[in-house]
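J.: Here is my input; please provide its structure:
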Amino acid sequence: MTPSTHKTSNPVTATSTPDLHTPTVALVDSDVFQAGTYGPVQISVVIVDGIITDISMAQQPDSNSHSRDLTRIVFPNLISNVVESQANGLTISGVTGASYDFVAFKQALQDVLTKAGL
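T.: Okay, here's the model as predicted:
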């Protein structure tokens, strides 16, 4: 007796293809804004699907040691506030002792939002 050969077919199961979304990513640079006499402020912003995901300082005031010390604290806090506050609406408040830096940062951010159409 010889063994018989049986071919079995694997059943094909239908799977749904997930909706593949390709995110829209943009890197937008602001114009340069002056923080009073302390120096320039310029930011680069990464926007993914209309949401700011990262901000880096392209230029920041460094005219003196006080200005450099202040910007090491002020800009990281402003950046963090902008990225985190988007769930509640994009609002940032002033920074005590860094009014010129804050105004220039806010102008740069508005410039980026306008360029990005947001």
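
J.: show me what contacts the residue lying closest to Ala108 once chain neighbours are set aside?
T.: Closest residue to Ala108 in three dimensions, ignoring its sequence neighbours and counting by C-beta to C-beta, 6 or more residues apart in numbering: Ser30, at 3.8 Å. For the C-beta atoms, the positions are set from N, CA and C on the backbone; glycine is no exception. Taking C-beta atoms under 8 Å, 6 or more residues apart in numbering as the criterion, Ser30 is in contact with 42-45, 58, 107-109, 111-112, 115.

J.: Go again with 7 Å.
T.: Going by C-beta atoms under 7 Å, 6 or more residues apart in numbering, Ser30 touches 42-43, 108, 111-112.

J.: Let's see which of those residues end up in strands.
T.: Among the contacts of Ser30, the members falling in strands are 42-43 (criterion: DSSP state E).

J.: What is the nearest of the contacts of Ser30 to Asp49?
T.: The shortest approach to Asp49 among these belongs to Val112, at 15.6 Å (C-beta to C-beta).

J.: any idea of the pLDDT on the closest one?
T.: Model confidence at Val112, expressed as pLDDT, equals 96.

J.: Then Leu90?
T.: pLDDT recorded at Leu90 is 58.

J.: And Leu78, how far from Thr24?
T.: When distances are taken as C-beta to C-beta, to the nearest Å, Leu78 and Thr24 turn out to be 25 Å apart.

J.: ditto for Val95
T.: In this view, Val95 and Thr24 are 31 Å apart by C-beta to C-beta.

J.: now swap in Ala104 and tell me
T.: The span separating Ala104 from Thr24 equals 28 Å under the rule C-beta to C-beta.

J.: shouldn't Ile51 be in contact with Gln86?
T.: Yes. In this structure Ile51 lies within contact range of Gln86 using C-beta atoms under 7 Å: 6.0 Å.
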